[in-house]
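K.L.:
Sequence and predicted structure, then a few things I'm wondering about:
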Amino acid sequence: MKRNTSVGSVILVATSLLAVMLILVFCAIAYTAIQGRDIAVQDMRAIQEARRLLTARQTARLEAGLVSAALVTPAPASRAVLEDIWQMHWRTTRAMSAVREDMRADPRAQRDLAAFTAEHETSEWRWQAAMKALHAPRAQRPAALLDHYSNTTRGRLNVLDRRAMILSRDVARSGSFNSRMMKINDLVWRLRVDAGYDRGNITRVLQQDHPVTAAQRAQFLRSEGRIDGTWTAIRAEQADQPPVLRRAIDAAGASYFHEYRALRGDLLRRLDRGQSALDGHAWLARSNPGLSDIMAISEAVFTLTEAHAGEQLEAANLRLGLGVLLMLVAVGLTGFVMFYLQRAIVGPLRALTRGINAVITSDREAVIPYENRPDEIGEFARSLRLLRESNFEKRNLEAARRAADMANRIKSEFLANMSHELRTPLNAIIGFSDMMRAQMFGALAPRYAEYAALINQSGQHLLNLVSDILDLSKIEAGKWEIEPAALNLDQTVEYCMRMMSQRAENQGVLLVKELPDAPLFADERACRQILLNLLANAVKFSRKGGLVTVNAAIAGSELRIAVRDTGIGIPAADLPRIGNAFEQSANGAFVASEGTGLGLALVKSLVSLHKGSFHIASIEGVGTTVTVGFPLPAKAAGFRAA
């Protein structure tokens, strides 16, 4: 009884802790949602402030353009011009007031607020002076008035630009989407500033009493280059953007870079010819649509960014509500789970403990209770039975693996013994048959001489077969270790061709090499064996008078060596199995019977040890090309073969 109470207490405590953990997790989810909501609210405020700031910067520049154009005009400003300036100044004043209120609400912006207030007051004073001077002809206006007005306007805009940069960074930090949007907005503003300076320079040229100078033409070309560069960067960001932004960019391209550029070019050509052109105010009116369409891109950016922030805020509120709901559900479920665990889990767990002990002791006949229950306890009981069967299967597999390892060791020992037991008598047979063929101890009858030659050939054939089998076995066992080194490609190929020259001469086959000055990085012994096997196959399957060519080339990260013959070729149906051990082509049965089918298998295995490539191509009746690739060293560009 005491033991039952102890188990129940443990489950009760564990369940309580689990419930507390769940509640804490849901609290963390709710807290994260609150933070996300606060961030979304901050983003929304920053985006709205940046949008108001953009409006202020735009109207201030437009107003500056109108005033500057009027100041460089020789005649007094007309009533229409003055009314346009007053309307734009009213819009600018409203926009600046909104920006000032935003900066007052941000503790970080107090220094910028002080600088902005000072610059704004100076700018207002300069504006009033400019408006007063516009009633008189240009000759009666103060000489430095335009420069003073431009400098104060620029000072106020510099403060706004700093503030805009801070807000852009704040918005960009809240996610990749906002980051891309702010990048586009910064590019658009840079484009707008350069386009405004370019337009202002043209306005001044319109009012001068001499043709366009070479310095002014160079300045126009530089401005055009900066504008085109920024526009290219904006276009590069257009591809995967929302449709509304793509349409705004396309509209700006049509309006500014087609219509405005055409107007600008025609105007400059007319000025070069000394023809009459537009006055400053008319030029601004004609060029405003292009600049407005450029700024429409920023409006689209802020519309998208604000919508994205709204979605983030809505998602954060949804997560917060979900977190609170989950906390309530967790508290309600905790009582039910604790009651259910006490009644339905403790007893069955005690019985299943005995089943676990049976699995541990490998008692295959022990009965595991509750296997027929439809709930989780039944699933657990059935899983125990599967675990028990799996343990027995695992032990059987382990025994089979040990048996396979033992068989592999026996095979390795057998091959080692066979290497000595077969090669020793074969070498003796080959040696004695060579002595008999050379008739070192006296002449032999012609028939015996023929038999001695056959014995020698058969011994060589059997020795090659045994060597190939042992080499393949060694590679498969992972006991063939290669030592790649820098080799001289030409010398390596030349050595192998000399080894095959006598056989090629007997076959009536010409050996040719066409090699570049390329690096070869491979195990010397393995590389020679690869080339010798490929050359032997090429010579063997070539007709009398045939040609065997060895060439090489660098392809990607490999040096590929190709051995090409003009022999009987391989049927297309046989190509997939060529390169497997003991596989030969059915084409040319007499010639094929001379081999064992191990040559290309050994080549393929040795190339694989180098992590290289192997490819065979053939046309029946035309010839065969076998290509092997050796990886280049890490710094092939500076590599020199030894």
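P.N.:
Received it, and whenever you're ready, just let me know what you need.
K.L.:
For burial, what's the neighbour tally of residue 108?
P.N.:
10 (other CB atoms under 10 Å). Every residue, glycine included, has its C-beta placed from N, CA and C.
K.L.:
any idea how far the residue lying closest to it once chain neighbours are set aside is from residue 173?
P.N.:
Spatial nearest neighbour of residue 108, excluding adjacent residues (CB to CB, 6 or more residues apart in numbering): residue 166 at 7.5 Å. For residue 166, the distance to residue 173 equals 11 Å [CB to CB, to the nearest Å].
K.L.:
Those two: who's more crowded?
P.N.:
Neighbour count, other CB under 10 Å: between residue 166 and residue 173, residue 166 has more, with 16 against 13.
K.L.:
Show me where the stretch 151-300 of the chain has its helices.
P.N.:
Per DSSP state H, counting those that start in this stretch, the stretch 151-300 of the chain carries helices over the ranges 176-207, 214-236, 243-254, 261-272, 280-344.
K.L.:
In the first one, which residues are buried?
P.N.:
Pointing back at helix 176-207 there. 177-178, 180-196, 198-200, 202-203, 205-207 (16 or more other CB atoms under 10 Å).
K.L.:
again, but for the third one
P.N.:
Judged by neighbour count using 16+ other CB under 10 Å, the buried positions of helix 243-254 are 245, 248, 249, 252, 253.
K.L.:
now, among these, which is nearest to residue 231?
P.N.:
residue 253 (7.5 Å; CB to CB).
K.L.:
And residue 274, its phi and psi?
P.N.:
phi 80, psi 20 (degrees, to the nearest 10).
K.L.:
who are the neighbours in contact with the residue nearest to it when sequence neighbours are not counted?
P.N.:
With sequence-adjacent residues excluded and distances taken as CB to CB, 6+ apart, residue 274 is closest to residue 211, at 5.9 Å. Residues counted as contacts of residue 211 (CB atoms under 8 Å, 6 or more residues apart in numbering) are 271, 272, 274.
K.L.:
would a markdown table of the residues you listed with distance to residue 313 be doable?
P.N.:
Converted to a markdown table, the contacts of residue 211 look like this (distance: CB to CB, whole Å):
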| residue | distance to residue 313 |
| --- | --- |
| 271 | 53 |
| 272 | 56 |
| 274 | 61 |
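K.L.:
Format these as JSON lines; extra columns: pLDDT.
P.N.:
JSON lines is the format used below for those (pLDDT from 0 to 100):
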{"residue": "271", "pLDDT": "79"}
{"residue": "272", "pLDDT": "78"}
{"residue": "274", "pLDDT": "72"}
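K.L.:
now the residue nearest to residue 274: how far from residue 218?
P.N.:
15 Å.
K.L.:
And residue 36, by the same measure?
P.N.:
53 Å.
K.L.:
The two - which one has more neighbours?
P.N.:
Remark: of residue 36 and residue 218, residue 36 carries more neighbours, 17 against 10, as counted by other CB under 10 Å.
K.L.:
residues contacting the more buried one?
P.N.:
Per CB under 8 Å, 6+ apart, neighbours of residue 36: 312, 315, 316, 319.
K.L.:
buried subset of these?
P.N.:
Here, 16+ other CB under 10 Å leaves 312, 316, 319 buried among the contacts of residue 36.
K.L.:
I'd assumed residue 29 was in contact with the second one.
P.N.:
No. Under the contact definition of CB atoms under 8 Å, residue 316 does not touch residue 29, with a separation of 11.2 Å.
K.L.:
before we move on, back to that, go through the contacts of residue 211 and name the one nearest residue 447.
P.N.:
The closest of these to residue 447 turns out to be residue 272 (CB to CB; 109.2 Å).
K.L.:
these two touch, right, that closest one and residue 210?
P.N.:
No. Using CB under 8 Å, residue 272 is not in contact with residue 210, being 11.6 Å away.
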